[in-house]
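Novice: Sharing a model prediction with you, sequence too.
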Amino acid sequence: MNIDGKAFRYGSDVDTDVIIPARYLNDSSEKALASHCMEDIDPDFVKNVRAGDIIVAEDNFGCGSSREHAPLAIKASGVSLVIANSFARIFYRNAINIGLPIMECPEAVRGISAGDEVRADLATGTIFNVTTGKSFKAQPFPEFIRGIIEDGGLLNNLAKRSKKQ
Amino acid sequence: MGMTASQKILAAHAGLAEVKAGQLISAKLDLVLANDITGPVAIREFKKSGAERVAERDKIALVMDHFAPNKDIKSAEQCKICRVFAKEQGIENFYDVGKMGIEHALLPELGLVGAGDLVIGADSHTCTYGALGAFSTGVGSTDMAAGMISQTCWFKVPSAIKFVLHGKPPANVCGKDLILHIIGMIGVDGALYKSMEFAGEGVKNLSMDDRFTVCNMAIEAGAKNGIFPVDEIALDYMKGRFRRPVKIYEPDPDAEYEKVYDIDLAQLKPTVAFPHLPENTKTCDEWGDIPIDQVVIGSCTNGRISDMRIAAEILKGRKVKDGVRTIIIPATQSVYRQCIDEGLLSIFIDAGAIVSTPTCGPCLGGYMGILAEGERAVSTTNRNFVGRMGHVKSEVYLASPYVAAASAVAGRLCTPDEL
């Protein structure tokens, strides 16, 4: 998976209502969700985001509702990684379950500004800020979690594993 | 080291004698829940996995409450996906218009959840059932799908924070003020990944509905679950209602808590969360002059019969201020019926409020009371994030039914004492 893109920078407590407002939850298709991603916190996000870009935020990212539509919207908009100081627990679980890469790394959050180009490697947990030349180290996920993310989510992963058996 | 009540329920459902905070376990579920927003995504994931039948159809509940009665064609299609799936899989606990209510008021009322249960729901406020001594927590649609396929879920065993309650709340103060006070004190991530366990002699001074409100908003402090001890009040509520035998799990005397807070209920004041986070709380002496455009009394937080009675007590013989749109939403058909039988509906209508059929509607900015730019609402709901009830430049003030009803009459944020 290629994690290489420009950083979008947000603060603490980015909630699922601003990631994907409930008024759009009457359609769960990825295309519809992506077209309104981050609309209530950053109306230009959809216009500016490119495949591979990353989101960098502070504490408690994804707090609020359990809507899986939130990580789905972020993933479908092309974002390849979310880095934060911490994630709200349901979002954390949902992101892994649908195959959206996430990393907890306060040093990287402090060392990345909006617009910086960032590369990351999930297997090693390395985050490299191409713009400033600095690198950071997050705790890498164990192999089975990386497997879920690489297969595009838990149920794809389960289906693949049951085929192998 | 002993276990907390939450840890004991997880251990029992994982078939283990003991669990420790941080341990990963797989546990058997007593109920899995989804609604009309999260259900269709869970069903899509279910089909993606190649599964054909759900594991235990009588341990699944699907409640059409968020955008139902259908607010538009797309919402109607989402409910239809759930309806077809329920029929195909023989899921009897499918609640549609006529039987439905707001899920977290409905399931305890029907006795589908109770003491000792392990429940997951694809809705963050699933933590409500901790009021009855269950371990219940919100998950996403994929976990819901996996739950329907296997009737199990994996958990990381949480550590816990204990809240020891003392005394009795003063007049015009209820469970909502307590939980807003706690969230204001510890913050929206103050209990992240943890259990919030309630204890102390003050528990007996909180009604069942107060406890539902408190556990309901545990998620607003980031908690995995909230849980109350099972006492006479809880047993009375479950009697003749809960469909499984009651199982009581009490924390060990040496259970480990990361932090213990002592709260004197008598010292609580009417408390409101100002925009745009539930932790931005202010007590009534700090509110200032906040003119309002709308009041909402309802939701999974405060749409139960006690909340309706409180609203009626304040609105009886009074009129809502001209220009304040007052929307009252009994959470279930049975609460609605009780409002009729007790004459509350007439009080609401005479006061100039409207009464809606059960729905989550305005709480999440779905329909039935959306705010325009610059408008303010006082609401008994659970979240006041940017854009939660409508326009990104609208504001939601989270309050108890006492404060919401009084504010409707005054046309500004206030307590019943000021009327």
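Specialist: On my side now, so go ahead.
Novice: residue ranges of the strands in the stretch 251-400 of chain B, please?
Specialist: B:259-264, B:271-273, B:281-283, B:294-297, B:325-328, B:354-355, B:376-379, B:395-398 (DSSP state E, counting those that start in this stretch).
Novice: what's the shortest one in contact with?
Specialist: Defining contact as C-beta atoms under 8 Å, 6 or more residues apart in numbering or on different chains, one finds that strand B:354-355 is touched by B:R325, B:T326, B:I327, B:I328, B:I329, B:P330, B:Y336, B:C339, B:L345, B:F348, B:I349. All C-beta spots, glycine's among them, are computed from the backbone N, C-alpha and C.
Novice: Now the buried members of those residues.
Specialist: Using 16 or more other C-beta atoms under 10 Å in any protein chain shown as the burial test, those include B:R325, B:T326, B:I327, B:I328, B:I329, B:P330, B:Y336, B:C339, B:L345, B:F348 as buried.
Novice: What does the pLDDT read for the residue nearest in space to the middle of chain B?
Specialist: Taking C-alpha atoms, centre = their mean, the centroid of chain B lies closest to B:N216, which sits 3.4 Å from it. B:N216 carries a pLDDT score of 98 in this model.
Novice: For it, give me its contacts.
Specialist: When contacts are counted by C-beta under 8 Å, 6+ apart, B:N216 is found next to B:H104, B:H125, B:C127, B:T128, B:A131, B:I179, B:C300, B:T301, B:N382.
Novice: what does A:G78 give?
Specialist: A:A34, A:V49, A:R50, A:A51, A:G52, A:D53.
Novice: Identify the farthest-apart pair in those.
Specialist: Maximum pairwise distance among these (C-beta to C-beta): 14.5 Å, between A:A34 and A:G52.
Novice: follow-up on the earlier one: save the buried ones among the contacts of strand B:354-355 as CSV, and put in pLDDT too.
Specialist: Shown next, in CSV, are those (pLDDT from 0 to 100):
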residue, pLDDT
B:R325, 98
B:T326, 98
B:I327, 98
B:I328, 98
B:I329, 98
B:P330, 98
B:Y336, 98
B:C339, 98
B:L345, 98
B:F348, 98
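Novice: could you dump these to a markdown table with distance to B:C363?
Specialist: Output for these, formatted as a markdown table (distance: C-beta to C-beta, whole Å):
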| residue | distance to B:C363 |
| --- | --- |
| B:R325 | 15 |
| B:T326 | 15 |
| B:I327 | 11 |
| B:I328 | 13 |
| B:I329 | 9 |
| B:P330 | 14 |
| B:Y336 | 17 |
| B:C339 | 19 |
| B:L345 | 21 |
| B:F348 | 18 |
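Novice: Number of residues surrounding B:C79?
Specialist: A count of nearby residues for B:C79, using other C-beta atoms under 10 Å in any protein chain shown, gives 23.
Novice: I'd assumed B:D96 was in contact with it.
Specialist: Yes: contact criterion C-beta atoms under 8 Å: B:C79 and B:D96 qualify, at 7.2 Å.
Novice: Point me to the helix or strand that includes the residue nearest to the centre of chain B.
Specialist: Taking DSSP states H and E as the criterion, B:N216 maps to helix B:208-216.
Novice: Then B:V41?
Specialist: helix B:38-48.
Novice: buried stuff in that helix?
Specialist: The neighbour-count check on helix B:38-48 (16+ other C-beta under 10 Å) flags B:T38, B:G39, B:P40, B:V41, B:A42, B:I43, B:R44, B:E45, B:F46, B:K48 as buried.
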